[in-house]
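Visitor: With the sequence up front, the predicted model follows.
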Amino acid sequence: MLSKRIIPCLDVKDGRTVKGVNFVNLIDAGNPVELAWQYAQQGADELVFLDISATNEKRKTTLEMVKAVALQLNIPFTIGGGISSIEDADALLNAGADKISINSAAVKNPKLIEDLANTFGKQFVVLAVDSKEINNKNIVHLNGGRLATDLETENWIKQAEEMGAGEILLTSMDFDGTKKGFDCKLLAKINAQINIPIIASGGAGNIQHFTEVFETAKVDAALAASIFHFGEVKIPELKLELKNNNIAVRI
Amino acid sequence: MIGIINYGAGNIFSLTAALNRQNIAFGMINKPEEIDLYSHLIIPGVGHAGLAMQKLQESMLVEDIKKTTKPVLGICVGMQLLTQSSEEGNCNLLNIFPLKTLLFDKKLGIKIPHMGWNEIYFNSNPLFEGIKTETQFYFVHSYYIEQSEKYSIAKANYGLSFSAAIQKDNFYGVQFHPEKSGIAGEQLLKNFSQI
């Protein structure tokens, strides 16, 4: 049976991981290669790197980082942030990335999804969507939730699937950072209307939240950042708990 | 030494990185005469089977691959190329295995692509030396090779039971990505290099 995936997300800036990471045995918490390797050892099924470098110039450093990670890492990883063209994606593919995630560039130019899928295959194209509820509607947001678009989350994801997105990374901006659990209602609704894998993101605070999102929203994967980085949720314990709840995982 | 068939279908960075981590020597095969330089061959492959076959034909390597007696390992689309035909692009393939590559049917209540970690089940085979049956490997594919009594050496389940690995004489194929499948995947690559 296909396992539910656990995915730590790492923010990288200028080729270095940022945000506090609190592993006791880490020599250099800013070193993405070391961090990625540690997560693979702990049993992470996949990793997501989100590049928050401000300029294209700095993103070149990210390319070097992707290469360094790909040389060492024996599990798949996705890189997102600032990808807006076939050329950007091609450079990342050649540097060893398994998937890329696109967000605002796809909203501005939906055809990008189609072009990427036709060039690299849909399995390479993850569409990241930041959703926020406004007047009982789920609205796609950009710029980390600061900028509302005209798009309704349900419609946008459906359109993206038709255009060739291979996977959806859905973050609920209403739940992100709250640690009160994933937005199971939204995730279940979206999941029911698509036939590609969906990664739940935003709101994880404890182990039970993962059980809940897999059981109720039936998502394919769950992503979190700080709770993993600070060791509040440890991946081996998380997986054991999921297994005890009869959720298929890789131990 | 392993020769990687370098026919331009997909990225091989992850594969070469995994071989490097295992200290397995390798080189690239770009034209037929280079096959002689290597003891083992790997056919990688990501993307569209029909296009991959087209590229393989352009590389002029088809006949030499078909008649080689060296151990050959096809990975993912590289495995599918070893079969008779694929529904992806309705194309004829190398026909080393009289098996068909078919599209997963979403009517089975599954999402397509089959993406992620899934168990494989196998009986003893040199390719799986030191690996336990039911170990999970990383898969990413929308097309699968039908199950075969004769040629399947490992099977996996996703809506139906399909060939996770096949073998016929010196030809091996794996549907999953050993280069992305953690320690077990690295072990498999090592095993292949020692066949």
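Guide: Alright, I've got the coordinates.
Visitor: Which residues are in contact with the residue nearest to residue A:104 when sequence neighbours are not counted?
Guide: In this structure, residue A:104 finds its nearest non-sequential neighbour in residue A:142, 4.6 Å apart by Cβ to Cβ, 6 or more residues apart in numbering or on different chains. The C-beta positions use only the backbone N, C-alpha and C, and glycine is treated the same way. Contacts for residue A:142 (Cβ atoms under 8 Å, 6 or more residues apart in numbering or on different chains) come out as A:103, A:104, A:107, A:130, A:149.
Visitor: Among those, which are located in helices?
Guide: If you go by DSSP state H, the contacts of residue A:142 have A:104, A:107 in helices.
Visitor: Can you say which of the contacts of residue A:142 are buried?
Guide: A:103, A:104, A:107, A:130 (16 or more other Cβ atoms under 10 Å in any protein chain shown).
Visitor: Beta-bridge partners for residue 102, please?
Guide: No chain specified, so I'll use chain A. When bridges are called by DSSP bridges, residue A:102 pairs up with residue A:127.
Visitor: Not quite, go with chain B.
Guide: Here residue B:102, judged by DSSP bridges, has bridge partners residue B:144.
Visitor: ok, now how distant is it from chain A?
Guide: With distances taken as Cβ to the nearest Cβ, to the nearest Å, residue B:102 is found 17 Å from chain A.
Visitor: Closest one of the contacts of residue A:142 to residue B:138?
Guide: If you rank the contacts of residue A:142 by distance to residue B:138 using Cβ to Cβ, residue A:103 comes first, at 24.5 Å.
Visitor: In contact with that closest one, which residues?
Guide: Applying Cβ under 8 Å, 6+ apart to residue A:103 gives the contacts A:80, A:127, A:128, A:129, A:130, A:142.
Visitor: Just send those back as a markdown table, with pLDDT too.
Guide: Output for those, formatted as a markdown table (pLDDT from 0 to 100):
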| residue | pLDDT |
| --- | --- |
| A:80 | 93 |
| A:127 | 98 |
| A:128 | 97 |
| A:129 | 97 |
| A:130 | 96 |
| A:142 | 92 |
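Visitor: Closest to residue A:176 out of these?
Guide: Scanning these for proximity to residue A:176, where the rule is Cβ to Cβ, the winner is residue A:130, at 8.2 Å.
Visitor: Show me which helix runs longest in chain B.
Guide: Criterion DSSP H: the longest helix present in chain B is helix B:182-193.
Visitor: Mind giving me the packing neighbours of that helix?
Guide: Applying 3 or more Cβ pairs under 8 Å, 6 or more residues apart in numbering or on different chains; DSSP states H and E, we find helix B:182-193 packed against helix B:13-21, strand B:40-43, strand B:136-141.
Visitor: what comes up buried for it?
Guide: Buried, per 16+ other Cβ under 10 Å, within helix B:182-193: B:182, B:184, B:185, B:186, B:187, B:188, B:189, B:190, B:191, B:192, B:193.
Visitor: Next, the angle from it to strand B:136-141.
Guide: Interaxial angle, helix B:182-193 versus strand B:136-141 (axes from the mean of the first three to the mean of the last three Cα atoms, to 10 degrees): 80 degrees.
Visitor: What angle do helix B:13-21 and helix B:182-193 make with each other?
Guide: Going by the same axes, to 10 degrees, helix B:182-193 makes 80 degrees with helix B:13-21.
Visitor: CA atoms only for helix B:182-193 - export them in PDB, please.
Guide: Output of helix B:182-193 as PDB, limited to C-alpha atoms (Å, rounded to 0.1, in the frame of the first residue of the first chain):
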ATOM      1  CA  GLY B 182      17.200   5.500   0.700                       C
ATOM      2  CA  ILE B 183      19.600   2.800   1.900                       C
ATOM      3  CA  ALA B 184      17.600  -0.100   0.200                       C
ATOM      4  CA  GLY B 185      17.900   1.600  -3.100                       C
ATOM      5  CA  GLU B 186      21.600   2.100  -2.700                       C
ATOM      6  CA  GLN B 187      22.000  -1.500  -1.800                       C
ATOM      7  CA  LEU B 188      20.100  -2.500  -5.000                       C
ATOM      8  CA  LEU B 189      22.500  -0.500  -7.100                       C
ATOM      9  CA  LYS B 190      25.400  -2.100  -5.400                       C
ATOM     10  CA  ASN B 191      23.900  -5.600  -6.000                       C
ATOM     11  CA  PHE B 192      23.400  -4.900  -9.600                       C
ATOM     12  CA  SER B 193      27.000  -3.800 -10.000                       C
END
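Visitor: Now do the strands for the chain: every range, in order, please.
Guide: Looking at chain A here, since you left the chain open. A:5-13, A:16-17, A:47-51, A:77-80, A:99-102, A:125-134, A:137-142, A:147-152, A:167-172, A:198-201, A:221-224 (DSSP state E).
Visitor: I was thinking of chain B, sorry if that wasn't clear
Guide: Under the criterion DSSP E, chain B contains strands at B:2-5, B:26-29, B:40-43, B:72-75, B:85-86, B:91-92, B:100-103, B:114-119, B:121-122, B:136-141, B:143-145, B:152-158, B:160-168, B:171-174.
Visitor: for stretch A:59-72, the distance to its chain's centre please.
Guide: What separates the centre of stretch A:59-72 from the centre of its chain is 18 Å, taken as Cα atoms, centre = their mean, to the nearest Å.
Visitor: Give me the contact list for it.
Guide: So stretch A:59-72 is contacted by A:12, A:14-16, A:32-33, A:36-37, A:49, A:51, A:53, A:77, A:79, A:81-82, A:91-92, A:95-97, B:13-14, B:17, B:20-21 (Cβ under 8 Å, 6+ apart).
Visitor: What residue, apart from its backbone neighbours, is nearest the residue in chain A that chain B sits nearest to spatially?
Guide: Proximity to chain B, evaluated over chain A using Cβ to the nearest Cβ, is greatest for residue A:96 at 4.0 Å. Spatial nearest neighbour of residue A:96, chain neighbours left out: residue A:70 (2.5 Å); criterion: Cβ to Cβ, 6+ apart.
Visitor: For that neighbour, the count of nearby residues, please.
Guide: For residue A:70, the count of nearby residues is 25 (other Cβ atoms under 10 Å in any protein chain shown).
Visitor: List, one by one, the residues from chain B near chain A.
Guide: Residues of chain B that fall close to chain A, judged by Cβ under 8 Å from any Cβ of the partner chain: B:11, B:13-14, B:17-18, B:20-21, B:46-48, B:106, B:111-119, B:136, B:138, B:140-142, B:157-158, B:177, B:179-183, B:185-186.
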